[in-house]
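Novice: my questions concern the predicted model and sequence given below.
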Amino acid sequence: MSVDETTTAARSEALAHVAHKPGAAKNDPILKADHVVRRFGGMTAVDVDHLEVQEGVITALIGPNGAGKTTLFNLLTGFDTPNTGEWSFQGHSLSGKSGAAVAKAGVVRTFQLTKALGRLTVLQNMLLASPNNPGEKLGLSWLPFLWKRHEAEATEKAMEILARFKLDAKAADYAGSLSGGQRKLLEMARALMTDPTMIMLDEPMAGVNPALVQSLLGHVQALRDEGMTVLFVEHDMHAVRHISDWVVVMAEGRIVAEGPPSTVMKDQAVVDAYLGAHHDTDLGDDALLDPEVLARLEAEEEKR
Amino acid sequence: MDEFLRILTQSLGEILAPTTAAMAIAAIGLNLHFGYTGLLNMGQAGFMLLGAYGFGITLTLGGPIWLAFLIAVAAGVMFALLLGMPTLQLRGDYLAIVTISAAEIVRWFGRSTLWQEWTGGASGLQGRYFKDPFHALSFLPEGRFALGPFEYINTGSDSWFTRIFAWGLVALLLLFVWLITRSPWGRVLKGIREDEDAVRALGKNVYSYKLQALVIGGAIGALGGVVYAIPTAISPDAMGGRTMTFFVWTILLLGGAATVFGPVLGSMIFFTAYMFMRTGMRTLSEDTALGNFISTTQVEFIGGMLVGITLMCLVIFRPQGILGNKKELAFNVR
């Protein structure tokens, strides 16, 4: 058995006995969230009772528009404050921590609208992400001999990562001159500079041309194969089915289903979430005029 | 022709004038705010006025000169902390609103009779209260010295010593800003200028960096105020007004934001052109038929208007300034 197959086997083993239901307990959860609620005025954007993310696998977070996926991302990474809820990463609580503190704990994220730092070069974008650079302290910044070595090592590492993402030829160009797809790649590459334990990608394939999607998917899988935990939001179902090991489905702020990609799409709750619970009800049907049928439909609605 | 030469000499004299250096220093501070970190400080004049007060009042009360400089810098630091701590967590525009009003508050407190005993109220502090300890620092011999057409006394208000001191300070601050901004610390500032959320997501404490930049730039602004006050006087309306702030902005944008020498070049060109324009117009108004349309008193106002128009044209046609990198800016102009 090759190494690749072993890890694949280990991965499916890790998730083999996990129940296919919302909030299912995992064998080695790296991220645990409880009772996370975020309201915008009267609208409840996120209401997640329990969520566990398995370590070392790719978990996809899907759901129709407005399901609260990005809001949940923002909450978990410290970019938004929930009304209630707590969550922990590797057993340490992250609730109420700032975005910077979450990143320092090893959870790095990317954004749905890419945030390449346009007026910095590609290499500077990468170097900026290097953690613990002594030259970033004001007191030491004017003494180059204190940070030259860290800088040189970081440059070497940055060029390696850039080469992997085929951006090394662009290292000296301003990030603002990159194409949309290249910016996505740069953002992912930059995230890797921080040596994350877990990487959270917000719609990594959005707006990327199909030819590049394939290589992006490859990169995401490579991250997992290096031992990183990946959680990503995506609308492209082919991408989700292709690379994810586990899928969490959100609708109207709640987690409505969980399971492996092959079966979760067939889950009634998922079909309802995407197509509506009454998608096969014929609105021209005279039965709808029957009070009994209407009462039954309403009762169904209540139960949901 | 003689008249023209006189105007030209007077204008070129502005290149090394102490006020040019003072405004260059204020622009160096603003450059750290706006050019590198993207902070919209619309109240640099407030920092300058506070610095000048700190310096002037300490000396008036008989404090030693080193303490006067220290207090000037401390005033800038305190002001920056006071403004930055509540606003830097908000979006950038709020800092602009807060700084422009805070600078006005400083000016009105200076003008008011509340602390007239120390600030001199609306008429300000005369130079004679604080100049002597500064002139005592001079290492130049008594007398005058002429360099080409430029002749000044060695030690005094509009003197060679003031020039040497002012430009020495400019050089020192340029070196300081160059050292800190070419470092990884400076790179974080530029990252914040581009997108602070992205920098936050990489594990940097954005708030702390912004506060550091605001404090350093503000302290430099306060020193600019000191240098501005030394050859003249401390007058709240002349120094702390919005006009002053917009002069500093014009200088920075003219020279080129986020460049090391931009503020200095901008200040030199600005004051030379400003002087040339005003003296030129005044002479024309006095000696020619133009005086029938534009009186000499109107020249000042027209000068001010032209500065505003220049600022607008700069932002529209050459936002990167003289020294700025066009490529660097091109991506952000939409």
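Specialist: Yes, it's here. Residues are numbered from 1 along each chain as shown, chains lettered A, B, ... in the order given.
Novice: for the residue of the stretch 51-200 of chain A found nearest chain B, give its distance to A:D28.
Specialist: Closest approach between the stretch 51-200 of chain A and chain B, counting by C-beta to the nearest C-beta: A:G176, at 2.9 Å. Quick note: C-beta positions are derived from backbone N, CA and C, even for glycine. Distance of A:G176 to A:D28, given as C-beta to C-beta, to the nearest Å: 41 Å.
Novice: what parts of the stretch 101-250 of chain A come near chain B?
Specialist: A:101, A:103-104, A:108-111, A:115-120, A:124-125, A:127-129, A:131, A:133, A:135-138, A:141-142, A:144, A:147, A:151, A:174, A:176-177, A:187, A:190-191, A:193-194 (C-beta under 8 Å from any C-beta of the partner chain).
Novice: which of the residues you listed are buried? Put it as a PyMOL command.
Specialist: If you want just the buried ones from those in PyMOL, going by 16 or more other C-beta atoms under 10 Å in any protein chain shown, the selection is:
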select buried, chain A and resi 103+104+108+109+110+111+115+116+117+118+119+120+124+125+127+128+129+131+133+135+136+138+141+142+147+151+174+176+187+190+191+193+194
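Novice: show me the residues of the stretch 101-250 of chain A next to chain B that map onto strands.
Specialist: A:V108, A:R109 (DSSP state E).
Novice: tell me where chain B has strands.
Specialist: B:144-147, B:150-153.
Novice: hmm, I typed the wrong one, I wanted chain A.
Specialist: Using DSSP E, strands in chain A cover A:29-40, A:43-54, A:58-62, A:84-89, A:92-93, A:107-109, A:198-202, A:229-233, A:246-251, A:254-259.
Novice: ranking the ones you listed by burial, who's on top?
Specialist: Among these, strand A:107-109 has the highest mean neighbour count (mean count of other C-beta atoms under 10 Å in any protein chain shown), at a mean of 27.
Novice: one step back: what would the strands of chain A look like in TSV with mean pLDDT?
Specialist: As requested, these are exported to TSV (pLDDT from 0 to 100):
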stretch	mean pLDDT
strand A:29-40	91
strand A:43-54	90
strand A:58-62	92
strand A:84-89	91
strand A:92-93	90
strand A:107-109	93
strand A:198-202	93
strand A:229-233	92
strand A:246-251	90
strand A:254-259	89
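Novice: adding distance to B:Y94, write the ones you listed out as JSON lines.
Specialist: Below are these laid out as JSON lines (distance: least, C-beta to C-beta, whole Å):
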{"stretch": "strand A:29-40", "distance to B:Y94": "22"}
{"stretch": "strand A:43-54", "distance to B:Y94": "25"}
{"stretch": "strand A:58-62", "distance to B:Y94": "34"}
{"stretch": "strand A:84-89", "distance to B:Y94": "29"}
{"stretch": "strand A:92-93", "distance to B:Y94": "31"}
{"stretch": "strand A:107-109", "distance to B:Y94": "26"}
{"stretch": "strand A:198-202", "distance to B:Y94": "27"}
{"stretch": "strand A:229-233", "distance to B:Y94": "31"}
{"stretch": "strand A:246-251", "distance to B:Y94": "34"}
{"stretch": "strand A:254-259", "distance to B:Y94": "36"}
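Novice: any idea which of these gets closest to B:I7?
Specialist: Proximity of the strands of chain A to B:I7 was assessed by C-beta to C-beta; the nearest stretch is strand A:107-109, lying at 61.1 Å.
Novice: tell me how far the closest one is from the chain's mean position?
Specialist: Computed by C-alpha atoms, centre = their mean, to the nearest Å, the separation of strand A:107-109 from the middle of its chain amounts to 9 Å.
Novice: can you name the farthest residue from the center of chain B?
Specialist: B:A289 (36.7 Å; C-alpha atoms, centre = their mean).
Novice: how far away is it from chain A?
Specialist: 51 Å (C-beta to the nearest C-beta, to the nearest Å).
Novice: now do the same for that residue: its pLDDT.
Specialist: In this model, B:A289 is scored at 80, pLDDT.
Novice: now do B:V333
Specialist: So B:V333 comes in at 40 (pLDDT).
Novice: and chain B, which of its residues are near chain A?
Specialist: Contact residues (C-beta under 8 Å from any C-beta) of chain B with chain A: B:176, B:179-180, B:183-188, B:190-191, B:193-195, B:197-206, B:212, B:216, B:327-332.
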